[in-house]
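Visitor: predicted model, plus sequence, below.
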Amino acid sequence: MTRKKKSRKLGENGTPRLSKEKLRELRAMKEQRTKKNKGNKAGTRNAQEAKVEVTSHSGAQKDPRAGSKKKIALTPEVQTPKAEPQMKRHLTPQAVLTKANEPELTLEQELQQLENDERLMKLLERHERGELLTGKDAKFFNRAIARHQELCEILGIDDEFEEEDMIDADPLADFVSNDLADEWLNDDEDER
């Protein structure tokens, strides 16, 4: 399509001129439409008092001191204290709670359990390395060792292992003698 240049003349491109009759019809239609009122009209802030006065003048003029028509007793009533809801503290429990009883262990089983306790073994290793146990670890360690000693005394078990017993019970001592070790050392020195 070819381009048409805009002109000020009325025609295809310009705004159409309406007749006077058409303009009157459009204005009448606008007036007929009711506008939605948004908010209060101008000056209503100050006009509130005037509205109150206008409505109150409709009947007989009221005394502003006249208040409620509620009857008031002339003799003072004894006020009963408000009953607070009482807590029902003497309720019986629906379920009976009992402490769970640990199975009774024999002394041997208790001793075996103490000796197989992983936490105690770790703490014992730390103690043998010379570390200082503190806090909960020290309390647990002391309590467990005391119980272990008590059980050993009751059962008549000697829990003290001496180094001499360990050396005597060495199974390799039968196979290796000091004479063989001396011979190997002498052989090494001779080769040099």
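Guide: Done, it's in. Residues are numbered from 1 along each chain as shown.

Visitor: which residues in the protein form helices?
Guide: Using DSSP state H, the helices of the chain run over 20-32, 44-56, 107-115, 118-128, 135-155, 163-168, 178-191.

Visitor: the ones you listed: lowest mean pLDDT?
Guide: The minimum mean pLDDT among those belongs to helix 163-168 (a mean of 53).

Visitor: what distance do you get for residue 65 to residue 124?
Guide: Residue 65 sits 94 Å away from residue 124, going by CB to CB, to the nearest Å. For every residue, glycine as well, the C-beta is placed using N, CA and C.

Visitor: ok, now residue 116?
Guide: Counting by CB to CB - residue 116 and residue 124 are separated by 12 Å.

Visitor: of the two, which one has the most company?
Guide: residue 124 (15 against 9; other CB atoms under 10 Å).

Visitor: for the more buried one, which non-adjacent residue is spatially closest?
Guide: residue 141 (7.6 Å; CB to CB, 6 or more residues apart in numbering).

Visitor: tell me how many other residues crowd the one you found.
Guide: 18.

Visitor: now do it against residue 63, distance only.
Guide: Applying CB to CB to residue 141 and residue 63 gives a distance of 91 Å.

Visitor: got it, and residue 80?
Guide: 36 Å.

Visitor: what does residue 135 give?
Guide: On the measure of CB to CB, residue 135 and residue 63 end up 82 Å apart.

Visitor: what is the neighbour count of residue 123?
Guide: 20.

Visitor: ok, it touching residue 135?
Guide: No. Assessed by CB atoms under 8 Å, residue 123 is found out of contact with residue 135, at 11.6 Å.

Visitor: tell me how many other residues crowd the nearest residue to residue 18 once chain neighbours are set aside.
Guide: The shortest distance from residue 18 to any non-neighbouring residue, by CB to CB, 6+ apart, is to residue 26 (7.5 Å). Using other CB under 10 Å, the number of residues around residue 26 comes to 11.

Visitor: swap in residue 87?
Guide: 7.

Visitor: which residues sit in contact with it?
Guide: Contact analysis of residue 87 by CB atoms under 8 Å, 6 or more residues apart in numbering lists nothing.

Visitor: skip the chain neighbours and tell me the closest residue to residue 110.
Guide: residue 151 (6.2 Å).

Visitor: was I right to think that neighbour contacts residue 109?
Guide: No. The pair residue 151 / residue 109 is not scored as a contact, 10.2 Å apart, by CB under 8 Å.

Visitor: looking at those two, which is more packed in?
Guide: residue 151 (18 against 11).

Visitor: the more buried one and residue 138, how far apart?
Guide: From residue 151 to residue 138 the distance is 20 Å (CB to CB).

Visitor: quick revisit: tell me the spacing between the residue nearest to residue 124 and residue 122.
Guide: 10 Å.

Visitor: and stretch 150-159, which residues are buried?
Guide: 151, 152 (16 or more other CB atoms under 10 Å).

Visitor: all numbers from here: first residue = 44
Guide: Done: numbering now begins at 44, and the last item shifts to stretch 193-202.
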